[in-house]
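Undergrad: I'll drop the sequence and a predicted model, then ask my questions.
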Amino acid sequence: MALNDDIAFLAKQPLLGLMDHDALRLVAFAAENRILRAGDVLFRRNDGSDGAYLVVSGAIALMSRDDGQPADEVVGPGGLIGELALFASIKRPVTAVAREPTQLMKLSRSVMRRVLGESPQSAQAIAAAIGERLQGFMGELSQVRDALIAIDRS
């Protein structure tokens with residue numbers, strides 16, 4: 001893809017789309033393109049992370065177990081794998097395997113940090129969106145807690 005196509009593709013992501021055009025241009029320029037064959041392992045469960053992967057074409061199966069069970073999720077074009085790894089060093093919670101020939105854009109955490117450091121408006125927009133997500137998650141946890149308490153009392 002051409003740089004402008006990469007920028008447009010990145011901008012379709014809910015979180016990345018909050019970044020200004022110049023910041024997205026830097027992310028797109030630094031992105032590493034990878035091509036996997038069917039059956040290639042992108043990463044394994046518990047591997048360290050250094051960024052996220054955006055599926056350009058093809059499909060990646062995500063599996064939390066290595067026991068031959070069906071995939072927990074299949075991510076196709078436009079799907080972002082490992083979004084949290086753009087901002088924090090985490091262990092991969094799943095194994096990711098190409099289901100078919102797949103093209104990916106690797107987005108590195110180091111580039112994201114540098115770009116957000118140079119683009120305070122983009123950093124603020126992303127921080128606000130992540131904050132909203134966390135508030136929603138906390139609300140969901142409270143509902144689960146309340147439901148468990150109600151079950152315990154009955």
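TA: The structure has been received and is ready for your questions. Nothing here was measured: the structure is a model prediction, and the numbers come from that model. Numbering: from 1, shown residues only.
Undergrad: Okay, and residue 61 sits in which element?
TA: Assigned by DSSP states H and E, residue 61 belongs to strand 60-63.
Undergrad: next SSE after that strand?
TA: Criterion used, DSSP H and E; the element after strand 60-63 is strand 73-75.
Undergrad: Paired strands for that next one, with orientation please.
TA: Strand 73-75 has its sheet partners listed here by DSSP bridges as strand 60-63 (antiparallel).
Undergrad: now what about the strand it pairs with, what contacts it?
TA: Residues outside strand 60-63 that contact it (CB atoms under 8 Å, 6 or more residues apart in numbering): 36, 42, 45, 53, 69, 71-75, 79, 81, 94-99, 102, 104. Using the backbone N, CA and C atoms, a C-beta is placed for each residue, glycine as well.
Undergrad: now stretch 100-115
TA: Residues contacting stretch 100-115 (CB under 8 Å, 6+ apart): 6, 9-10, 19, 23, 26-27, 30-38, 40, 42, 49-60, 85-89, 122.
Undergrad: Next, the contact list for the spatially most central residue of the chain, please.
TA: Central residue of the chain (CA atoms, centre = their mean): residue 83, 2.4 Å from the mean position. Residues in contact with residue 83 (CB under 8 Å, 6+ apart) are 15, 52.
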